[in-house]
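Colleague: following is a predicted model, sequence given first.
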Amino acid sequence: MNSIVLFDGECNFCSASVQFIIKRDFNKRFYFASLQSDIGRKLLKEHNAPEHLDSFVLIDSGGIFLQSTAALRVCKHLKGVYKLLYSFIIIPKPIRNLVYQLIAKNRYKWFGKVDSCMIPTPEVKERFLS
C-alpha cells in the first residue's frame, strides 16, 4: 500500500525531510502533498484531523498519524540504518512528542521559511499529489 506524507510546504526543514525520504524510499511507497495544498486540506478533512494542523502527517492503511509517530512510521520503511529509528516508538508518545514539538516550534527560526512550496524535480514530480 502506498502512503501519503503531508508536510509544511513553507518550511525548509520539512522540504528537506521530504527530499531525505525520497532518496531512501526505493520502493516508492510514499507520496507527498503540502498541508497548504487543496489535496492536503482535503485529505486532512477526510481523515478528521484536527483543524489548523501544522504537523508532519502520515496517512496509510493503519490510519492517520501525527508528529513523532508519523515520522517514526516513515523511518520504518526507509532503506538502511534509518529503519532502526523506528525502535524509538517504545518511548511513550508524550515524551516523543515533546521533542518533536520543540523542533517544530523552532523550525522556521532554525531552518528558515519560504514563501511558496518546493517545486519537485521532474524525476519525482509523479510522487507529489495535486
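Modeller: Right, received. Where do you want to start? Computed from a predicted structure; not experimentally measured.
Colleague: when you work out contacts or count neighbours from here on, use the C-alpha atoms and nothing else.
Modeller: Fine.
Colleague: so how far is the longest helix anywhere in the chain off the chain centroid?
Modeller: The residue-count maximum for a helix in the chain (DSSP state H) belongs to helix 93-111. Chain-centre distance of helix 93-111: 13 Å, with Cα atoms, centre = their mean, to the nearest Å.
Colleague: how about it: buried residues?
Modeller: 96, 97, 100, 104, 107, 108 (16 or more other Cα atoms under 10 Å).
Colleague: now render these as CSV, adding distance to residue 75.
Modeller: Listed next are the buried residues of helix 93-111 as CSV, based on distance: Cα to Cα, whole Å:
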residue, distance to residue 75
96, 15
97, 16
100, 15
104, 18
107, 20
108, 23
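Colleague: and those, which is closest to residue 55?
Modeller: Nearest to residue 55 among the buried residues of helix 93-111, counting by Cα to Cα, is residue 104 at 7.7 Å.
Colleague: please give me every residue in contact with that closest one.
Modeller: Residues in contact with residue 104 (Cα atoms under 8 Å, 6 or more residues apart in numbering) are residue 55.
Colleague: sketch out the low-pLDDT regions of this protein for me.
Modeller: For the chain, applying pLDDT under 70 flags the ranges 1, 113-120.
Colleague: now the helices for it?
Modeller: So, for the chain - with DSSP H - the helices run 12-24, 38-46, 67-75, 93-111.
Colleague: right, and these - which one's nearest residue 31?
Modeller: helix 12-24 (9.0 Å).
Colleague: what angle do the closest one and helix 93-111 make?
Modeller: Relative orientation of helix 12-24 and helix 93-111, computed by axes from the mean of the first three to the mean of the last three Cα atoms, to 10 degrees: 110 degrees.
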